[in-house]
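J.: The sequence and its predicted three-dimensional model are supplied below.
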Amino acid sequence: MRFGVHTGLQHTTYDVLRPAWRKIEDLGFDWISIWDHFYGATGKPDDAACFEAVAMHAALAAETSRVRVGSLVYSVGYRHPSVLAKMITAIDHISGGRADMGLGAGWAQVEYEAYGIPFPGVKTRMDQLEEAAQCVRGLLHDEVTDFSGEWFNLTNARNEPRPIQKKIPIWVGGGGEKRTLNITAKYADGWNVPFVSPEAFAHKSSVLTQHCESIGRDPKEVKRTVNVGIAWTEESLQSQFGMLAEGVRPGVLTGSDEQVIDRIGQYVAAGAEQINLALRAPFDMDSVERFSKTLKLA
């Protein structure tokens, strides 16, 4: 079992993020990731205090020396997959070969509309995700890529210099059982879903397994991870998530040390191979340190 921390980029500063990333690495975590939003992840049209993800992903790579540095997840509606592959390749070089690449269909309509980016229906966004995953996979894993799709086209496309890693891991984020998990089974090396209970995680993981088996892929080839909140008290839960608290509650670690350990055991039994603590500013590093000591990570 591996543990990570997912650091939201809203309502914070670079001077806060830098020591937080270093502290997380020092506490023994294996993974740190960032999210991809232009506005705060609340859906409010006036909540616009959020850093851009690719720049912060590069900063995270430069600021750390051991942890995997990931993205959960880049929206394919914001960036052409070829450009994104070039960006992640650069981040792989900055990190010395520790970069992971995450993709998602995007959901924050307020951001698209504010910045004049088309926000198509869910089928189109899923179609774009499926094409983008193939494009990125080719560019990151192969010397030359050709692809002809409805939304993206590549012709004798090369991504040079090549990444340090032979194959940068590609993640797909989301819990949609018909399309998202099917795309994951076909093209991803890892799958992540946020704020679900162990029972819900087990169910969706079983659906992913079915998709893998239906195309003849070994289900063990896809790493399964979950993002969870950490709130040792009810007050902390409300402070972190406000009006979203009830929605995320099934996927929040809370209670005593023993209760948190037991809940982690439930996720492990459900098939989770990595658990990430999903933090939002102001970052409660005391809770992260308590978690590290409880699990004896360092």
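T.: Right, received. Where do you want to start?

J.: Quick check: the gap between residue 93 and residue 104.
T.: With distances taken as Cβ to Cβ, to the nearest Å, residue 93 is found 24 Å from residue 104. Any C-beta I mention is one placed from the backbone N, CA and C, and that applies to glycine too.

J.: can you check residue 262 too?
T.: As judged by Cβ to Cβ, residue 262 and residue 104 stand 30 Å apart.

J.: Please spell out which residue in the protein sits farthest from the middle.
T.: residue 156 (29.5 Å; Cα atoms, centre = their mean).

J.: ok, residue 93 and residue 104, which is more surrounded?
T.: Neighbours were tallied for residue 93 and for residue 104 using other Cβ atoms under 10 Å; the higher tally belongs to residue 104 (23 against 15).

J.: Check the more buried one and give its pLDDT.
T.: Here, the pLDDT recorded for residue 104 equals 97.

J.: you'd agree it is up against residue 170?
T.: No: proximity of residue 104 to residue 170 does not meet the contact threshold set by Cβ atoms under 8 Å, at 11.7 Å.

J.: Any idea which helix or strand in this structure has the lowest mean pLDDT?
T.: Of all the helices and strands that make up the chain, the one with the lowest confidence by mean pLDDT, DSSP states H and E is helix 234-241; it has a mean of 88.

J.: after that helix, next one along is what?
T.: Next along the chain after helix 234-241, taking DSSP states H and E as the criterion, comes helix 245-248.

J.: which other helices and strands contact that following helix?
T.: helix 234-241 (3 or more Cβ pairs under 8 Å, 6 or more residues apart in numbering; DSSP states H and E).

J.: what's the distance between the helix it packs on and the middle of its chain?
T.: The gap between the average C-alpha position of helix 234-241 and the chain average comes to 22 Å, counting by Cα atoms, centre = their mean, to the nearest Å.

J.: Against which helices or strands is that helix packed?
T.: strand 223-230, helix 245-248.

J.: what does the model give the residue farthest from the centre of the chain for pLDDT?
T.: You'll see residue 156 listed with a pLDDT of 98.

J.: The one 10 residues further on now?
T.: If you check residue 166, the pLDDT there is 95.

J.: Could you pull up the contacting residues of it?
T.: Each residue near residue 166 by Cβ atoms under 8 Å, 6 or more residues apart in numbering is listed here: residue 141.

J.: for it, helix, strand, or coil?
T.: When the structure is reduced to helix, strand and coil (DSSP: H, G, I helix; E, B strand; the rest coil), residue 166 reads as coil.

J.: Tell me the spacing between it and residue 142.
T.: Here the criterion is Cβ to Cβ. By it, residue 166 lies 11 Å from residue 142.

J.: what do you get for residue 228?
T.: Residue 228 sits at a distance of 35 Å from residue 142 (criterion: Cβ to Cβ).

J.: Give me the more crowded residue out of those two.
T.: More neighbours sit around residue 228 than around the other of residue 228 and residue 142, counting by other Cβ under 10 Å; the figures are 27 against 14.

J.: Give the closest residue to that one in space, chain neighbours not counted.
T.: Setting aside the residues directly before and after it, residue 228 is nearest to residue 251 in space (Cβ to Cβ, 6 or more residues apart in numbering), at 4.9 Å.

J.: Also residue 189?
T.: Of all residues beyond its chain neighbours, the one nearest residue 189 is residue 169 (4.3 Å), with distances taken as Cβ to Cβ, 6+ apart.
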